[in-house]
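here is the input, now give the coordinates:
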Amino acid sequence: MKILVVIPAYNEEENIKRVVDHLVTHHPELDYIIINDGSSDRTSEICHAEGYSIVDLPVNLGLAGAFQTGMRYAAYHGYDAAVQFDGDGQHRPEYIADMAAKIGEGYDIVIASRFVTEKKPHSLRMLGSNLIEGAIRLISGVRIKDPTSGMRMYNQRLIRVCADLEDFGPEPDTVSFLIKNGAKVAEIQAVMDERIAGESYLNLGASVKYMLRMMISILIIQNFRKTKKIFG
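Sure thing, here's the model as predicted:
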């Protein structure tokens, strides 16, 4: 299976070298592409100096734009699967083989989940995760135990879907929409590492806004999304 690791990166100068070097050293069988999302720090400079595979976006498009760029790259180069992989060091590439095995079994999306065999801790963020999980289950009938996990693999069909349609970001509401319209989703147990350097944009306030936005999108907005272009 020909797999592409898509690494959206925005101001990850403190993390990107460690992330890519680990990937290249320990998993040389995997192709990767860094999507530099208009970073204002030295992310692009470091990548070019190290000879990494990189696409530089001239402006910051946000995660959805960076993700779609990676999917278009994957579609153009004929990859069988593409995995979304954070540039901050939280995702572990050793899970990619297990995710690819699930794709080989016929799943369209595979999520690296923290909670297949482990229980969610009691926290405000996990409360938000539970609410999103419940909304997806209500709409689609499918239970996703870790809907906010950012490490997801897509098969070739969904690579083309994500490449062609605008505003199709890698978020729980999109996953919910795809499930509702026929996509098969699996989860594998995984461990996520803490960010070592830099700051996440998801502080408490941003996390609450994110959760509310996802709930509104899953329960209301996605019902008005057209599906003809995706599922015929």
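
give me the pLDDT value at the residue located most distally from the centre of the chain.
The outermost residue of the chain relative to its centre, with distances by C-alpha atoms, centre = their mean, is Ala49 at 26.2 Å. Model confidence at Ala49, given as pLDDT, is 98.

SS state for it?
helix (DSSP: H, G, I helix; E, B strand; the rest coil).

helices or strands up against the helix or strand hosting Met71?
Using DSSP states H and E, Met71 sits in helix 62-76. Where contact means 3 or more C-beta pairs under 8 Å, 6 or more residues apart in numbering; DSSP states H and E, helix 62-76 is packed against strand 3-9, strand 31-37, strand 54-57, strand 81-84, helix 156-164. (Glycine included, C-beta is placed from N, CA and C.)

I'd like the mean pLDDT over it, please.
96.

ok, residues contacting that helix?
4, 6-10, 33, 35, 37, 55, 57, 61, 82, 84, 154, 159-160, 162-164, 166-171 (C-beta atoms under 8 Å, 6 or more residues apart in numbering).

mark which of these are buried, thanks.
Neighbour counting by 16 or more other C-beta atoms under 10 Å classes 4, 6-10, 33, 35, 37, 55, 57, 61, 82, 84, 154, 159-160, 162-163, 168, 170-171 among the contacts of helix 62-76 as buried.

what ranges does the protein have for its helices?
For the chain, the helices defined by DSSP state H occupy 16-26, 43-50, 62-76, 96-104, 124-140, 156-164, 172-180, 204-219, 228-231.

ok, residues contacting the longest one?
Residues outside helix 124-140 that contact it (C-beta under 8 Å, 6+ apart): 120, 142-148, 172, 175-176, 179-180, 204, 207-208, 210-211, 214-215, 218-219, 222.

now the buried members of the residues you listed.
144-148, 172, 175-176, 179-180, 207, 210-211, 214-215, 218, 222.

re the thing from before, tell me which of the helices of the chain is the most buried.
helix 172-180 (a mean of 23; mean count of other C-beta atoms under 10 Å).

what's the mean pLDDT across it?
On average, helix 172-180 scores 92.

what packs against that helix?
strand 109-113, helix 124-140, strand 185-189, helix 204-219.

please state the offset of that helix from the chain centre?
Centroid displacement of helix 172-180 relative to its chain, using C-alpha atoms, centre = their mean, to the nearest Å, is 13 Å.

what's in contact with it?
108-109, 111, 132, 135-136, 139-140, 142, 144, 147-148, 152, 158, 161, 168, 185, 214, 217-218, 221-222, 225, 230.

could you dump that helix to CSV, C-alpha only?
The C-alpha coordinates for helix 172-180 follow below in CSV (Å, rounded to 0.1, in the frame of the first residue of the first chain):
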residue,chain,number,x,y,z
PRO,A,172,-15.3,15.5,13.7
ASP,A,173,-18.2,17.1,11.8
THR,A,174,-16.7,16.0,8.5
VAL,A,175,-16.2,12.5,9.9
SER,A,176,-19.8,12.5,11.0
PHE,A,177,-21.0,13.7,7.6
LEU,A,178,-19.0,11.0,5.8
ILE,A,179,-20.3,8.2,8.1
LYS,A,180,-23.8,9.3,7.7
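
any idea how far Asp80 is from the closest residue to Gly106 other than its chain neighbours?
Leaving out its chain neighbours, the residue that sits closest to Gly106 by C-beta to C-beta, 6 or more residues apart in numbering is Lys184, at 6.6 Å. To Asp80, Lys184 is 16 Å away according to C-beta to C-beta, to the nearest Å.
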